[in-house]
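Engineer: The following comprises the amino acid sequence and a computationally predicted model.
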Amino acid sequence: MPHVELSLSETFVPQSRHPLAQDQAEGIERWGTTVATAPEPCLVIDAEMRISAASVSCCELLGLGTPAEAVGRPLLGGVLRLVDFTAARSELTENEIDKIPPLLALTSGRLARGLLRVEWGAGEGDATVDAIATPLWAGGIVTGSLTFFSEV
């Protein structure tokens, strides 16, 4: 003979562990802490395109100096010199710079991937790197991007 039981109880409503405003304020800082100690080449930039955090291996790969020197500086305009893939090694135009993965993830709010050619300095050589970037969200807006690099 079938048996059916019915039980009534109060509804469980999950509680947020942090208020939303606190999550917005700490989002990039939390990623920055992770990136600063990461063994992989990675960096975080904020909405103003300034470096918020960089791993030691990222600084070595991209020629940024030390993480302490890189943090707070703009990603472009002196810190990182990107050149095209031609033999002439010309600096990227503004239209091309807007399409590099860290900036594209920031402006589009989507995952971005691409190859970059980074020049370390006059006569010091360059590196070709694969970059994968994801936007960092807080409160429904993009507040920065997280990029991982791999030398090609």
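Structural biologist: Nice, thanks for sending it over.

Engineer: Any chance you could list what contacts whichever helix or strand S150 is part of?
Structural biologist: If you go by DSSP states H and E, S150 is part of strand 141-151. Outside strand 141-151, the residues within contact range by C-beta atoms under 8 Å, 6 or more residues apart in numbering are 24, 27-28, 31, 35, 40-47, 52, 58, 61-62, 101-103, 105-107, 109, 127-137. All C-beta atoms are positioned from the backbone trio N, CA, C, and that covers glycine.

Engineer: Mind checking which of these land in helices?
Structural biologist: Those of the contacts of strand 141-151 mapping onto helices are 24, 27-28, 31, 35, 58, 61-62, 101-103, 105-107, per DSSP state H.

Engineer: need those in CSV with neighbour count and distance to L75, can you?
Structural biologist: As requested, those are exported to CSV (neighbours: other C-beta atoms under 10 Å; distance: C-beta to C-beta, whole Å):
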residue, neighbour count, distance to L75
Q24, 16, 22
G27, 17, 18
I28, 22, 14
W31, 20, 15
V35, 24, 14
C58, 23, 12
L61, 19, 14
L62, 25, 10
P101, 23, 11
P102, 28, 6
L103, 19, 8
A105, 25, 12
L106, 23, 10
T107, 16, 13
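
Engineer: what two of the residues you listed are the furthest from one another?
Structural biologist: Q24 and L61 (30.6 Å; C-beta to C-beta).
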